[in-house]
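>>> Output the structure for:
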Amino acid sequence: MSVAPHGSGEFTVVETNDHRTFVRFAGSLDVVMVNRITLDFTRHVAMHRRSTVVDLSGVDFLASIGMGLLIANARALKRHGATMILVDPQAAVERALRHAGIDEVIPIAHGPAEVEALLAGSCGPSAPAKSSVDAVVGRPDDTQAAP
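Residues are numbered from 1 along each chain as shown. Reported below is the predicted structural model:
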């Protein structure tokens, strides 16, 4: 399900199942985008109380307000025993996340294997098989089917 483009960026809910939510951001996660997507993002992430994988591979700019949105939702998930994982940020975005110490609050993973390892540690054995992570992480858009 795609949530309409917002200003300088786009937020897409790629998949939601009983255990996890997969979302993707593209463009700039700046004040314009954050102001427009906060309610939708929180509704799909924190309110569902499922571990959430956030694909940042398409984000070319991450403002501090975007970091705040991620942290607030990650903390809400943690209060309910779920986790958030940030996946495949571009180099400049990852440097900003690490410089701000976000990686101490929200783990950063690169590729499906790292995501699955982090989810296995947080979700336990009842989580779905690795194939759901492989099918979502790294897909450039919703039209590309899993192998």
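>>> need the contact list for the residue nearest the centre of the chain.
When C-alpha atoms, centre = their mean is applied to the chain, the residue found nearest the centroid is residue 54 (1.1 Å). The contact partners of residue 54, by C-beta atoms under 8 Å, 6 or more residues apart in numbering, come to 23, 24, 25, 70, 84, 85, 86, 87. Every residue, glycine included, has its C-beta placed from N, CA and C.
>>> ditto for residue 98
Counting by C-beta under 8 Å, 6+ apart, residue 98 touches residue 108.
>>> can you offset everything so residue one is 660?
With the count now opening at 660, the last piece we talked about shows up as residue 757.
>>> where's it, which helix or strand?
Assigned by DSSP states H and E, residue 757 belongs to helix 750-758.
>>> Reformat the contacts of residue 713 as JSON lines; add distance to residue 690.
Shown next, in JSON lines, are the contacts of residue 713 (distance: C-beta to C-beta, whole Å):
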{"residue": "682", "distance to residue 690": "19"}
{"residue": "683", "distance to residue 690": "20"}
{"residue": "684", "distance to residue 690": "14"}
{"residue": "729", "distance to residue 690": "14"}
{"residue": "743", "distance to residue 690": "21"}
{"residue": "744", "distance to residue 690": "24"}
{"residue": "745", "distance to residue 690": "20"}
{"residue": "746", "distance to residue 690": "23"}
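>>> Now pLDDT and neighbour count too, for those, in a markdown table please.
As requested, those are exported to a markdown table (pLDDT from 0 to 100; neighbours: other C-beta atoms under 10 Å):
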| residue | pLDDT | neighbour count |
| --- | --- | --- |
| 682 | 95 | 23 |
| 683 | 96 | 25 |
| 684 | 95 | 27 |
| 729 | 97 | 24 |
| 743 | 96 | 25 |
| 744 | 97 | 25 |
| 745 | 98 | 25 |
| 746 | 97 | 24 |
